[in-house]
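>>> below is the sequence, then the predicted model.
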Amino acid sequence: MPIHHAEHVGSLLRPPELLDAREAHQRGELSAETLAKLEDDAVLAALQLQRDAGIEVFTDGEMRRATWMAGLLESLGGVVPAPPPSSAWFREDGEAPPEETAFEMVAANAKLTQKRNLTAAEAGFLAQHAPGPYKITMMSTSMGNLLWRPGVSDAAYPDPEAMMRDLIALRVEEIRGLIERGVRWIQFDSLSYNFVIDPAFRERMLGPEAPGPDAILEATVAVDAELVRAAKAIDPDVTVGMHICRGNNRSAWMSSGGYEPIAERLFTGVPVDRFLLEYDTERAGGFEPLRFVPEGTTVVLGLISSKVPTLEPVDELRRRIDEASRYVPLENLAISPQCGFASTARGNLLTVDDERRKLELVVETARRVWG
């Protein structure tokens, strides 16, 4: 398996014409066929941007998705609209985040099905057009407990655990289909660890009756590990990554804290090939928790912010990589932005030129460090 030292997490800024087209489609003013053609064009532009920047592992920029959570919010049947869990968003500059941080959520009200195989469409297009290795990103099923709501889900599932079994089975079949279509790189985005990292965030999102951090950690690790083992059982050579950040919505974040509370159970319990970890600000803590990373596992350091246009100094990035190499061998480190550039369709408060320069910085830093 080749080692790629420059990577990006997944999503890229959607062009304004695609956002306008999606709204027109929702109003019934634009056909699905026309929207799909505009999505194709946006993906081709995203692939070219990545290639121009020097990125070697490609994504479709999540151009066909409304949010990074599309695997749950857009692809499942057996759900109804529901208010999102209570949260709060914060900006790096201290300003209040824009109103567009609001997003739609769903809850299970019947047995879950997969009504739309979104990742299959993404994979098919990438197989034809990606100029190199490509990966498919997907929300980890370990976050699926957000779909279970009292008074809505009880009739179909007596508790969240029963619903999760169906959700895991659906995701395993999705993974099987992707691998059978030739996908060789899958990335799970798993943010439930924030409930352990940040107690205040846990209470805001889940309420005072939420399970304790130990129970949440064990359940999250168990589900994530099951998905990874399932992928490896289908194809032992498929590359599996896992991304963890602290929220990334219109340049705002929602949780804070270092990896120490989750490090040993996560790094030793979830057998991925690559951990992509937010590390762009002090909110993520230090590199000491990386001492638990197993030998041979790659850690992709998210040192470059996708939230702000300012470019980080290369020498500072190299210094931080050197610091991390005290805990993980340098050959098993890589660099990326801390998250995607558009976790939700409106994207972060940068321009496409800013985005390109950030990706170029990822590549330049990797070349200076690893050659």
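In hand now; what should we look at?
>>> let me see the ranges of the helices in the stretch 251-371 of the chain.
In the stretch 251-371 of the chain, the helices defined using DSSP state H, counting those that start in this stretch lie at 260-269, 314-324, 352-370.
>>> swap that for the stretch 51-200 of the chain, please
With DSSP H, counting those that start in this stretch as the criterion, the stretch 51-200 of the chain has helices spanning 70-73, 118-129, 160-180, 194-197, 199-206.
>>> these: which one's closest to R149?
Taking CB to CB, helix 160-180 is the member of the helices of the stretch 51-200 of the chain nearest to R149, at 9.5 Å. Every C-beta, even on glycine, is put in place using the N, C-alpha and C of the backbone.
>>> using CSV, write down the CA coordinates of the closest one.
Extracted in CSV, the C-alpha atoms of helix 160-180 (Å, rounded to 0.1, in the frame of the first residue of the first chain):
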residue,chain,number,x,y,z
PRO,A,160,-31.5,3.0,19.8
GLU,A,161,-29.5,-0.3,19.9
ALA,A,162,-32.2,-2.1,17.9
MET,A,163,-32.2,0.6,15.3
MET,A,164,-28.3,0.6,15.1
ARG,A,165,-28.3,-3.1,14.2
ASP,A,166,-30.4,-2.4,11.1
LEU,A,167,-28.3,0.7,10.3
ILE,A,168,-25.0,-1.3,10.6
ALA,A,169,-26.4,-4.0,8.3
LEU,A,170,-27.4,-1.4,5.7
ARG,A,171,-23.9,0.3,5.8
VAL,A,172,-22.1,-3.1,5.5
GLU,A,173,-24.1,-3.8,2.3
GLU,A,174,-23.2,-0.3,1.0
ILE,A,175,-19.6,-1.0,1.7
ARG,A,176,-19.8,-4.3,0.0
GLY,A,177,-21.3,-2.7,-3.1
LEU,A,178,-18.6,0.0,-3.2
ILE,A,179,-15.8,-2.5,-3.1
GLU,A,180,-17.5,-4.7,-5.7
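>>> which helices and strands does that helix pack with?
In this structure, helix 160-180 makes packing contacts with strand 105-114, helix 118-129, strand 136-139, strand 185-189, helix 213-234, judged by 3 or more CB pairs under 8 Å, 6 or more residues apart in numbering; DSSP states H and E.
>>> tabulate those (JSON lines), appending mean neighbour count, distance to E92 and mean pLDDT.
As requested, the helices and strands packed on helix 160-180 are exported to JSON lines (neighbours: other CB atoms under 10 Å; distance: least, CB to CB, whole Å; pLDDT from 0 to 100):
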{"stretch": "strand 105-114", "mean neighbour count": "18", "distance to E92": "25", "mean pLDDT": "90"}
{"stretch": "helix 118-129", "mean neighbour count": "18", "distance to E92": "30", "mean pLDDT": "95"}
{"stretch": "strand 136-139", "mean neighbour count": "24", "distance to E92": "24", "mean pLDDT": "94"}
{"stretch": "strand 185-189", "mean neighbour count": "24", "distance to E92": "21", "mean pLDDT": "97"}
{"stretch": "helix 213-234", "mean neighbour count": "18", "distance to E92": "26", "mean pLDDT": "97"}
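>>> which of the ones you listed sits closest to D60?
helix 118-129 (5.2 Å).
>>> what's that closest one packed up against?
Applying 3+ CB pairs under 8 Å, 6+ apart, one finds that helix 118-129 contacts helix 32-53, helix 70-73, strand 136-139, helix 160-180.
>>> which one of those lies closest to P199?
Per CB to CB, nearest to P199 of the helices and strands packed on helix 118-129: helix 160-180, 20.3 Å.
>>> contacts for the closest one next, please.
For helix 160-180, contacts defined as CB atoms under 8 Å, 6 or more residues apart in numbering pick out 71, 76, 108, 111-114, 117, 119-120, 123, 136, 138, 141, 144-145, 147-148, 153, 156-157, 186, 223, 226-227, 230-231, 234-235, 238.
>>> any idea how far that helix is from the chain center?
17 Å (CA atoms, centre = their mean, to the nearest Å).
>>> next, the angle from that helix to strand 105-114.
Relative orientation of helix 160-180 versus strand 105-114 (axes from the mean of the first three to the mean of the last three CA atoms, to 10 degrees): 60 degrees.
>>> so where is the stretch 51-200 of the chain shaky, pLDDT-wise?
Applying pLDDT under 70 to the stretch 51-200 of the chain flags the ranges 71, 85-87, 89, 91, 93-103.
>>> hmm, back to that, closest one to L13 among the helices of the stretch 251-371 of the chain?
helix 352-370 (5.5 Å).
>>> and V270, how far from S140?
Counting by CB to CB, to the nearest Å, the gap from V270 to S140 is 10 Å.
>>> who touches both of the two?
With CB under 8 Å, 6+ apart, V270 and S140 have common neighbours 224, 242.
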